[in-house]
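In: after the sequence you'll find the predicted model.
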Amino acid sequence: MTPAAIGYLGIGAMLALIVFAGMSPGLAMLLAGFAGLLALNPPSTVAALLTGTVGADVWSVFSNYGFTVIPLFVLLGEVIYHAGYSDRLFRAAQAWFGHKRGGLAVTTILACAGFAAICGSNTATAATMSSVALRPMQRNKYHPELKCGSIAVGSTLGAMIPPSIVLVVYGLYTGQSIGKLFAGSILPGVTLTVLFVLTVKVIMWRHPDWARAGVRGSRRRRLAMLPQVIDVAVLFGVIMAAMFSGVVTPTEAAGLGALLGIAGCALRGRLSWAAFVKASRATLRITAMVFLILAGATVFGRFLVLTRLPFMLTEWVAQMHMAPALILLFMMACYLVGGCVMDALAFLLISLPLFEPLVKSMGYDLVWFGQIVCLVTTVGAITPPVGVSCFVVAGMTPDAHSAQVFRGAMRFLPAYVLVYLLMNLFPGAMVGWLAGMVR
């Protein structure tokens, strides 16, 4: 059997373990990669994995100083969550927008954007905002598609608005500046948020009976709610300003953010010892999951390199003489389908060994490509058959089933398409402008 055939079998086996056996992506990549290495070079595979090049690659992942940014940003998000800021962000947005018809859906999206600016995780944002926003929307007779759809799509902002764990891993894998990736994702993330809000307005125009208007709060109450968001806004501003100026590295910015988050919550009396322990445990669990995916992707990537599939793909595309735009469209279709069947981070690490050489050969900017990939794989979080964010929301909604959640989320799909088109038509304005400011 040729190495290429073994490579195709390895990819098929890995996908089968994830989709049909329900195995975690990291473990599936690890097993498929090891089995593939064993098939390619049986005598030396074990030695290579434990002490040779493969073992060295895995060790470099776990010992890389740059990867400490992941647990630090995760800790920051967990501390903010357990300190109750998600509820405060929602109540502050509700005071300003909740009285309008459909205003609670807008409130949910804006609160998701604020929480995503610190948390950086789709599933965490979906679970958090479901627990906070579902009950108020249910009291105001919101249609299941509107209330569940707004939470599901709002949660995807966790991967688009910095700090994003997906962008961190992408940057470390491809050798791109994390600061530039974060800066380049600001405008696409804000644009997507605005388009979500406009989509709610369109839905209310077409279905005015899908929501009941809330009670308008007094000006005094609205102003009193503003301090609820100041802490998060200042914390986000400090992190981004420090990275923009080049004063600190992304890892140092993550450490600074975690320290300020813990100190600020503790000084305000919002972070008990029990809450801090819960945040620490959640951080360890999420970090272990991410690093298992990284280890599996490292072994699987080494296996693919030995099969020469990435180079064969590049050569095949070069012989096709296709326009770069069509090749990019093909890759985005792969990311869209892949994001539908597995976690976005896992599929990103599976695909990068295949697509990164191809992207470089076409001359695309890898910072811009990272934003495009992040956007497209994010859509997978709300599309069947997996649609992780939709299933999280459906699991926490007693009066709505999964089909209603997916239908509600699909109403926001044009917003993703429009942002994708804007990023392709105006890459310099959407991504390059802010990314270029990072020193």
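Out: Sure thing, it's come through. Residues are numbered from 1 along each chain as shown.
In: tell me who's in contact with L422.
Out: 188, 191, 430 (C-beta atoms under 8 Å, 6 or more residues apart in numbering). All C-beta spots, glycine's among them, are computed from the backbone N, C-alpha and C.
In: isn't P136 up against L104?
Out: Yes: assessed by C-beta atoms under 8 Å, P136 is found in contact with L104 at 5.7 Å.
In: check which residues of the strand or helix carrying N424 are buried.
Out: Element membership for N424, per DSSP states H and E: helix 413-425. Neighbour-count burial for helix 413-425, counted by 16 or more other C-beta atoms under 10 Å, picks out 415-416, 419-420, 422-423.
In: check stretch 189-199 too.
Out: Quick answer for stretch 189-199 (16+ other C-beta under 10 Å): 189, 191-193, 195-197, 199.
In: now it, how far from the chain's geometric center?
Out: Offset of stretch 189-199 from its chain centre (C-alpha atoms, centre = their mean, to the nearest Å): 16 Å.
In: likewise stretch 403-411?
Out: 20 Å.
In: returning to that earlier point: export the buried residues of helix 413-425 to a markdown table and tack on distance to G7?
Out: Shown next, in a markdown table, are those (distance: C-beta to C-beta, whole Å):
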| residue | distance to G7 |
| --- | --- |
| A415 | 37 |
| Y416 | 32 |
| V419 | 34 |
| Y420 | 30 |
| L422 | 36 |
| M423 | 32 |
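In: which among these gets closest to A5?
Out: Y420 (34.9 Å; C-beta to C-beta).
In: how many neighbours does the nearest residue to that closest one once chain neighbours are set aside have?
Out: Using C-beta to C-beta, 6 or more residues apart in numbering and skipping residues adjacent in sequence, the residue nearest Y420 is L375, 6.0 Å away. By other C-beta atoms under 10 Å, 23 other residues sit near L375.
In: and L375, how far from A258?
Out: Distance, L375 to A258, using C-beta to C-beta, to the nearest Å: 27 Å.
In: rewinding a little: can you name the next helix or strand after the helix or strand harbouring the residue nearest to Y420?
Out: Per DSSP H and E: L375 is located in helix 366-379. Per DSSP H and E, the first helix or strand lying C-terminal to helix 366-379 is helix 388-395.
In: next SSE downstream of that next one?
Out: helix 402-410.
In: angle of that next one against helix 388-395?
Out: Interaxial angle of helix 402-410 relative to helix 388-395 (axes from the mean of the first three to the mean of the last three C-alpha atoms, to 10 degrees): 130 degrees.
In: report the buried residues of helix 402-410.
Out: Those would be 402, 404-406, 408-410, for helix 402-410 by 16+ other C-beta under 10 Å.
In: ditto for stretch 379-397
Out: 379-383, 386-394, 396-397.
In: which of those residues scores worst on pLDDT?
Out: By pLDDT, V386 ranks lowest within the buried residues of stretch 379-397, coming in at 62.
In: for D209, what are its contacts?
Out: Neighbours of D209 in contact, by C-beta under 8 Å, 6+ apart: H143.
In: now name the helix or strand holding the residue lying closest to I18 once chain neighbours are set aside.
Out: Counting by C-beta to C-beta, 6+ apart, A28 is the residue found nearest to I18 once chain neighbours are left out, at 4.8 Å. Under the criterion of DSSP H and E, A28 resides in helix 25-40.
In: low-confidence stretches in the stretch 101-250 of the chain?
Out: 117-124, 213-218, 228 (pLDDT under 70).
In: so where do the helices sit in it?
Out: Secondary structure of the stretch 101-250 of the chain, counting by DSSP state H, counting those that start in this stretch: helices at 103-119, 122-139, 144-155, 157-160, 165-174, 178-206, 219-225, 227-245, 250-267.
In: spatially central residue for the chain, please.
Out: A159 (2.6 Å; C-alpha atoms, centre = their mean).
In: I'd say that one and V169 touch.
Out: No: in this structure, A159 is not within contact of V169 by C-beta under 8 Å, at 10.9 Å.
In: L267: neighbour count?
Out: 9.
In: pull up the gap between it and A83, please.
Out: 11 Å.
In: and if you look at G436?
Out: Counting by C-beta to C-beta - G436 and A83 are separated by 35 Å.
In: so P136 and L104 - more neighbours on which side?
Out: L104 (30 against 18).
In: I'd like to know how far the more buried one sits from V438.
Out: 36 Å.
In: what's the answer for H207, then?
Out: For H207, the distance to V438 - C-beta to C-beta - is 43 Å.
In: who has more neighbours, these two?
Out: In terms of neighbours (other C-beta under 10 Å), V438 is the more surrounded of H207 and V438; the figures are 20 against 14.
In: and the nearest residue to that one once chain neighbours are set aside, how far from E252?
Out: In this structure, V438 finds its nearest non-sequential neighbour in G179, 4.3 Å apart by C-beta to C-beta, 6+ apart. The spacing between G179 and E252, counted by C-beta to C-beta, is 11 Å.
In: ok, A400 next?
Out: 43 Å.
In: check A394 too.
Out: Distance from A394 to E252, by C-beta to C-beta: 40 Å.
In: one more: L422?
Out: According to C-beta to C-beta, L422 stands 32 Å off from E252.
In: give the other helices and strands that whatever helix or strand P353 lives in contacts.
Out: P353 is part of helix 344-362, with elements assigned from DSSP H and E. Packing partners of helix 344-362 (3 or more C-beta pairs under 8 Å, 6 or more residues apart in numbering; DSSP states H and E): helix 25-40, helix 165-174, helix 273-307, helix 309-320, helix 324-341, helix 366-379.
In: buried set for that helix?
Out: 344-359, 362.
In: distance to E315 for the buried residues of stretch 189-199 - can I get that in CSV?
Out: Shown next, in CSV, are these (distance: C-beta to C-beta, whole Å):
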residue, distance to E315
G189, 36
T191, 37
L192, 36
T193, 41
L195, 39
F196, 41
V197, 46
T199, 43
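In: so how far is the helix holding P353 from its chain's centroid?
Out: Helix 344-362 has its C-alpha centroid displaced from the chain centroid by 16 Å (C-alpha atoms, centre = their mean).
In: give me the angle between that helix and helix 25-40.
Out: Here helix 344-362 runs at an angle of 60 degrees relative to helix 25-40 (the same axes, to 10 degrees).
In: kindly export helix 344-362 (C-alpha atoms) in CSV.
Out: Coordinates of each C-alpha in helix 344-362 appear next as CSV, following Å, rounded to 0.1, in the frame of the first residue of the first chain:
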residue,chain,number,x,y,z
ALA,A,344,-13.8,24.1,15.2
LEU,A,345,-10.5,23.9,17.0
ALA,A,346,-10.1,20.2,16.3
PHE,A,347,-10.9,20.6,12.6
LEU,A,348,-8.6,23.6,12.3
LEU,A,349,-5.6,21.6,13.5
ILE,A,350,-6.6,18.6,11.3
SER,A,351,-6.8,20.8,8.2
LEU,A,352,-3.8,23.1,8.7
PRO,A,353,-1.1,20.5,7.8
LEU,A,354,-3.0,20.1,4.5
PHE,A,355,-4.0,23.6,3.7
GLU,A,356,-1.2,25.8,5.1
PRO,A,357,1.3,25.0,2.3
LEU,A,358,-1.4,25.6,-0.2
VAL,A,359,-2.3,29.0,1.2
LYS,A,360,1.3,30.1,1.3
SER,A,361,1.8,29.0,-2.3
MET,A,362,-1.1,31.2,-3.4
